[in-house]
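Colleague: got a structure for you, letters missing:
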């Protein structure tokens, strides 16, 4: 019996694109690189960074304004008197012209500079404030040149309560905070009311002791 004849062609599989007249097979979607935004707001991009809450500033007591006024007047009145005295001495003794000019200049500086300082005293006093944050003490001062200082509680060594005669009459005190470390120094909190100054000092000491015990 004769052997079956083998086919003279090879059975090749149909290409992936399909036969003639057929649509090609769809390709797999390309993966989006990580970090590339999708063009939609809030999708694909980095999460927006939340703004830190503002410190809970405690301003200086209103009674401290009187203390600042008296200090300003006490600083500039002697300068004004020196200028007027030089001018009067030059007139009475027929002194040289430069003495009169010097006296007038000193008096003018005392009037204008002292007047500007007096006018800005309320705003400069309102700029004084402190805040007891969760991990640090913050202080603020300055009108034209604003200064904000942050002190970690773990660096606080001593907290003293000070007050002069004018401050005692006005019902306010100062907290003097001394710090440790490479940047050791002293920070003063002005205008703290006398009825809470001891409580604020005790809270600062308590938080400083807690941070030191955790080290």
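Modeller: Noted; the coordinates are in hand. This is a predicted model, so every value here is computed, not measured.
Colleague: Please pull up the helix or strand immediately following the one helix or strand residue 85 maps to.
Modeller: Per DSSP states H and E: residue 85 is located in helix 64-92. Note on helix 64-92: by DSSP H and E, the next helix or strand toward the C-terminus is helix 97-126.
Colleague: What residues sit buried inside that following helix?
Modeller: Residues of helix 97-126 classed as buried: 100, 102-103, 106-107, 110, 114, 117, 121, 124-125 (neighbour count, 16 or more other CB atoms under 10 Å). Using the backbone N, CA and C atoms, a C-beta is placed for each residue, glycine as well.
Colleague: could these go into CSV alongside distance to residue 56 and pLDDT?
Modeller: CSV is the format used below for the buried residues of helix 97-126 (distance: CB to CB, whole Å; pLDDT from 0 to 100):
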residue, distance to residue 56, pLDDT
100, 55, 90
102, 50, 94
103, 50, 93
106, 45, 94
107, 45, 94
110, 40, 93
114, 35, 92
117, 30, 92
121, 25, 93
124, 21, 93
125, 19, 93
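Colleague: you'd agree residue 171 is up against residue 193?
Modeller: Yes - Residue 171 lies in contact with residue 193 (CB atoms under 8 Å); the separation is 6.4 Å.
Colleague: Now the common contact residues for those two.
Modeller: Listed as contacting both residue 171 and residue 193 by CB atoms under 8 Å, 6 or more residues apart in numbering are 61, 63.
Colleague: returning to what we had before: packing partners of the helix holding residue 85?
Modeller: helix 97-126, helix 165-170, strand 186-193 (3 or more CB pairs under 8 Å, 6 or more residues apart in numbering; DSSP states H and E).
Colleague: Could you confirm residue 177 falls within a strand?
Modeller: Yes - the assignment for residue 177 by DSSP: H, G, I helix; E, B strand; the rest coil puts it in a strand.
Colleague: residue contacts, it?
Modeller: Contacts of residue 177 by CB under 8 Å, 6+ apart are 137, 151, 156, 158-159, 186-189, 204.
Colleague: Okay, and the beta partners of it?
Modeller: residue 159, residue 187 (DSSP bridges).
Colleague: tell me which element the most centrally placed residue in the chain is part of?
Modeller: Centroid check for the chain by CA atoms, centre = their mean gives residue 148 as the closest residue, at 4.2 Å. Taking DSSP H and E as the definition, residue 148 sits inside strand 147-152.
Colleague: which helices and strands sit right next to that strand?
Modeller: strand 136-141.
Colleague: so what does the strand it packs on touch, helix or strand wise?
Modeller: Going by 3+ CB pairs under 8 Å, 6+ apart, strand 136-141 lies up against strand 129-132, strand 147-152, strand 186-193.
Colleague: in the first one, what counts as buried?
Modeller: Buried residues in strand 129-132, defined by neighbour count with 16+ other CB under 10 Å: 129-131.
Colleague: so what strands line up beside it?
Modeller: strand 58-59 (antiparallel), strand 136-141 (antiparallel).
Colleague: Would you mind finding the most buried of the ones you listed?
Modeller: strand 136-141 (a mean of 20; mean count of other CB atoms under 10 Å).
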